[in-house]
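Q: sequence first, then the predicted structure:
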Amino acid sequence: MILVEDASGFSRKHGRCVATIGKFDGVHLGHQLILDQLKGQAREKDLPALAIVIEPHPEEFFAGSGGDCPARLMDKQEKLRLLEEYGVDFCFVLRFDAEMSRMSAEDYIRGILVEGLGVAALIAGEDFRFGHRRTGDFALLERKGGECDFSVHRTLTREVEGMRVSSTLVRQKLAQGDFAMAEKFLGRPFSIRGTVARGEQLGAKLGFPTCNIELTHRRIPLHGIYACMVKTPRGEYPAAVSIGYRPTVTDSGKPVLEAHLLDFEGQLYGKTIEVVFRQKIREEEKFASTDELQRQIAADVERIRRVFADAAF
């Protein structure tokens, strides 16, 4: 997959394309169906398939640094990795900023879709809104498509057990600790990937060394202690994982993921690991002392050992 840095020169260099547009948070089964639709249209027209990924999410931009917005299922890099895995030829990250928020719907279509990317066919949801004050809609796309020589196609939808798959539904299931249903909607177990960073070594001091991943999400979809399987360059290990804001230690408001790998020796600083969530153990708590925290971690670890001994994940 080729990452398009600037839409303005794409059509001059590559010609026309078939495109779809969205946030693609989670790249779940609904998104995967749209990507299949995209690739099918591209094959029919013998044109490259291009995904337009909106980053940051408009809700995040309008919420500002301290505002409320939906939790993210994944960061931009993970989206791009999965889009490449699903066979998209090109990806254009459409940066949503102050300038973009003021762009009229007509300029959006002409400047980005027509003159920039050379879209020959666009796949979009009927509820897609764009342009200043969200004045652009599917009907406008169809009308302008007729004027500017591109076709517009409605996205297909995917249902699982009678429910329409969406990022919102995945978030709900994760918040409920229902990882089995989340996996059905995603088409894979929910996981978080990241690079192991050097932390404050508190876990090691307490007898439970951890691999720390600093999370770039403003809001995270999970909070608490979990039984997880961690994929590392040295193999897979069951783990006790804490994800949240470390209220006993700092409560800084910056989320972090800490994974204590069971029966693992060594360090993984600078390595990429994938944390696969399997079962929630308890909520995140603030303890009166580090001694109390240490006792609770020991109890969590023993419980998680029993979880993996008894369960067939």
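A: Structure's in. What do you need? Numbers count the residues shown, from 1 in each chain.
Q: surely Leu141 touches Gly125?
A: No. The pair Leu141 / Gly125 is not scored as a contact, 10.6 Å apart, by C-beta atoms under 8 Å. Heads up, the C-betas are built off the backbone N, CA and C, glycines and all.
Q: neighbour-wise, which of these two wins?
A: Leu141 (23 against 16; other C-beta atoms under 10 Å).
Q: okay, that one: pLDDT?
A: We have a pLDDT of 97 for Leu141.
Q: in three-state terms, label Arg193 for me.
A: strand (DSSP: H, G, I helix; E, B strand; the rest coil).
Q: now swap in Leu268 and tell me
A: Three-state assignment for Leu268 (three-state DSSP): coil.
Q: if we look at the one helix or strand Val18 maps to, which residues are touching it?
A: Per DSSP states H and E: Val18 is located in strand 17-22. Residues outside strand 17-22 that contact it (C-beta atoms under 8 Å, 6 or more residues apart in numbering): 10-11, 31, 34-35, 37-38, 41-42, 45, 47-54, 89-90, 94, 113, 117-125, 128, 155.
Q: sheet partners, orientation included, of that strand?
A: When pairing is defined by DSSP bridges, strand 17-22 lines up against strand 49-55 (parallel), strand 119-124 (parallel).
Q: C-terminal to that strand, what's the next element?
A: Scanning onward from strand 17-22 (DSSP H and E), the first element met is helix 29-45.
Q: now for that next one, which elements pack on it?
A: Counting contacts by 3 or more C-beta pairs under 8 Å, 6 or more residues apart in numbering; DSSP states H and E, helix 29-45 packs against strand 17-22, strand 49-55, strand 119-124, helix 179-186.
Q: where exactly do the helices run in this structure?
A: Taking DSSP state H, the helices of the chain run over residues 10-14, 29-45, 58-63, 76-85, 98-102, 105-107, 138-148, 167-175, 179-186, 202-205, 290-310.
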